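Peer 1: Okay, sequence plus prediction incoming.
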Amino acid sequence: MSQPITPSPLLRQALLLDAVASVAAGLLMLLAGPTLAGLLALPEPLLRYAGVICLIWAAFVGWLGRRPHLTRGTVIAVIALNVVWVIDSLLLLASGWVRPNTFGTAFVLLMAAAVGGFAGLQAMGLRRAAEPVTA
């Protein structure tokens, strides 16, 4: 099992910021899916599924951000999943599976950049985390 840690303030804030941004993105994609699909030239089902994933992710990382202790393995998994999102976003654009317009490409790239930023902040926060004091 992975070593328990006490999250650094940076790690805690990075997880909570990830959660807040994921709620905002998820709600935007779910509630404005049809409008966004037209504006971005992205498939509405893709936006809807991504929105659901963002909301589930938000609940998970928000919960983690409030925990008094985490494990290194859990935080590494969060960072890795954020990196996977970034890679998948780039592959989506490169694959030709979707043909977004300029705004759609910018939307996907901006989301990927934000998620990559969260992964970077979380990695920095993990490096600053302390081993919990045991009684």
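Peer 2: Looks like it arrived, so ask away.
Peer 1: can we go C-alpha only for contacts and neighbour counts from here?
Peer 2: Fine.
Peer 1: tell me which residues of the longest helix seen in the chain are tucked away?
Peer 2: Counting residues, the longest helix found in the chain (DSSP state H) is helix 102-128. Going by neighbour count (16 or more other CA atoms under 10 Å), the buried part of helix 102-128 is 104-105, 107-109, 111-112, 115-123, 125-126, 128.
Peer 1: Show the average pLDDT along that helix.
Peer 2: The average pLDDT within helix 102-128 is 97.
Peer 1: tell me which strands and helices it is in contact with?
Peer 2: helix 9-31, helix 33-40, helix 72-95 (3 or more CA pairs under 8 Å, 6 or more residues apart in numbering; DSSP states H and E).
Peer 1: CA-only coordinates of the last one in PDB, if you can.
Peer 2: I take that to be helix 72-95. Coordinates of the C-alpha atoms in helix 72-95 are reproduced here as PDB (Å, rounded to 0.1, in the frame of the first residue of the first chain):
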ATOM      1  CA  ARG A  72       1.000   9.000  -2.500                       C
ATOM      2  CA  GLY A  73      -0.400   6.400  -4.900                       C
ATOM      3  CA  THR A  74      -3.800   8.100  -5.000                       C
ATOM      4  CA  VAL A  75      -2.300  11.500  -5.700                       C
ATOM      5  CA  ILE A  76       0.000  10.000  -8.400                       C
ATOM      6  CA  ALA A  77      -3.100   8.400  -9.900                       C
ATOM      7  CA  VAL A  78      -4.900  11.800 -10.000                       C
ATOM      8  CA  ILE A  79      -1.900  13.400 -11.700                       C
ATOM      9  CA  ALA A  80      -1.700  10.500 -14.200                       C
ATOM     10  CA  LEU A  81      -5.400  10.700 -15.000                       C
ATOM     11  CA  ASN A  82      -5.000  14.400 -15.600                       C
ATOM     12  CA  VAL A  83      -2.100  13.700 -18.000                       C
ATOM     13  CA  VAL A  84      -4.200  11.100 -19.800                       C
ATOM     14  CA  TRP A  85      -6.900  13.700 -20.300                       C
ATOM     15  CA  VAL A  86      -4.400  16.100 -21.900                       C
ATOM     16  CA  ILE A  87      -3.000  13.400 -24.200                       C
ATOM     17  CA  ASP A  88      -6.500  12.200 -25.100                       C
ATOM     18  CA  SER A  89      -7.500  15.800 -25.900                       C
ATOM     19  CA  LEU A  90      -4.500  16.100 -28.300                       C
ATOM     20  CA  LEU A  91      -5.200  12.800 -29.800                       C
ATOM     21  CA  LEU A  92      -8.800  13.700 -30.400                       C
ATOM     22  CA  LEU A  93      -7.800  16.800 -32.400                       C
ATOM     23  CA  ALA A  94      -5.100  14.900 -34.300                       C
ATOM     24  CA  SER A  95      -7.200  11.800 -35.100                       C
END
